[in-house]
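Engineer: model the structure of this input:
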Amino acid sequence: MWLEVNYPDVFGGTWSTAPDPVDLHSFTGIDATSGSTQNAYRTKDGKPINLVRMNGKDIATFERGDAFDRDDLARIDPAPTIGIVSGLYELFPDNTTVRRSLEGLAAAIPPKGYLVYTGQPWHPQLEMIGRALTSHRRGQAWIMRRRTQAEMDQLVAAAGFRKIAQRIDEWGIFTVSLAERLSP
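Structural biologist: Numbering: from 1, shown residues only. Purely as a prediction, here's the structure:
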């Protein structure tokens with residue numbers, strides 16, 4: 001919100017303080033209401049739910065797994081040609097956990113596949129975010145684990161990827177990087 005208020009020309013001048021209610025119960029073709037046993041990964045008969053269709057072919061699906069279980073990630077079938085980690089690693093302070101996740105992605109993604117990863121080297125509202133986002137910490141304040149871009153790149157490289165591109169916003173808050181999977 002701070003960015004929206006201070007840079008309205010960048011964000012289209014919108015700042016909703018009281019948005020209309022949103023009902024997503026059938027937005028994705030699944031019943032997302034409380035108590036539903038449906039999910040966004042598989043149909044009732046166990047087939048993957050398609051996310052993207054190109055030239056008449058289903059080309060992208062979500063796969064459910066434990067993002068920090070190396071072996072769970074390594075078993076993804078079919079093997080993904082691209083992995084995306086966005087806004088996850090900031091939630092966990094321990095590099096051992098992040099390393100396990102990246103190693104699992106490296107085991108799953110074949111050589112010449114890609115990893116897209118994000119970073120958040122700093123944020124002007126860390127204290128407000130920490131006090132507001134407590135749901136996953138049983139009411140305790142959450143302090144974001146900021147990693148320098150160099151630290152994040154080193155973790156990615158140690159897992160077997162080579163960084164080939166990066167973009168960063170003009171305030172230096174958010175980064176998006178692309179890395180290629182190297183041959184083991």
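Engineer: not counting sequence-adjacent ones, nearest residue to the residue sitting nearest the centre point of the chain?
Structural biologist: The chain has residue 86 as the residue nearest its centroid, 2.5 Å off, counting by Cα atoms, centre = their mean. Leaving aside its chain neighbours, residue 86 sits nearest to residue 118 (4.6 Å; criterion: Cβ to Cβ, 6 or more residues apart in numbering). Bear in mind the C-beta positions are built from the backbone N, C-alpha and C, glycine included.
Engineer: wasn't the one you found part of a strand?
Structural biologist: Yes. Assessed by DSSP: H, G, I helix; E, B strand; the rest coil, residue 118 belongs to a strand.
Engineer: mean confidence score for the longest helix seen in the chain?
Structural biologist: When the chain is parsed with DSSP state H, its longest helix is helix 95-108. The average pLDDT within helix 95-108 is 94.
Engineer: which residues touch the residue nearest to the centre of the chain?
Structural biologist: Neighbour list for residue 86: 116-118 [criterion: Cβ atoms under 8 Å, 6 or more residues apart in numbering].
Engineer: next one: residue 165
Structural biologist: By Cβ under 8 Å, 6+ apart, the neighbours of residue 165 are 177-178.
Engineer: gap between the strand or helix carrying it and the chain center?
Structural biologist: When elements are assigned from DSSP states H and E, residue 165 belongs to strand 161-168. Here the centre of strand 161-168 is set off from its chain's centre by 16 Å, with Cα atoms, centre = their mean, to the nearest Å.
Engineer: just checking: what are the partner strands of that strand?
Structural biologist: According to DSSP bridges, strand 161-168 forms sheet pairs with strand 175-181 (antiparallel).
Engineer: list the contacts of the partner strand.
Structural biologist: Counting by Cβ under 8 Å, 6+ apart, 106, 109-121, 149, 152-153, 156-157, 160-169 sit against strand 175-181.
Engineer: what subset of those is buried?
Structural biologist: 106, 109, 113-115, 117-121, 149, 152-153, 156, 160-161, 163 (16 or more other Cβ atoms under 10 Å).
Engineer: quick revisit: quickly list what the residue nearest to residue 86 is bridged to.
Structural biologist: With DSSP bridges as the criterion, residue 118 is bridged to residue 176.
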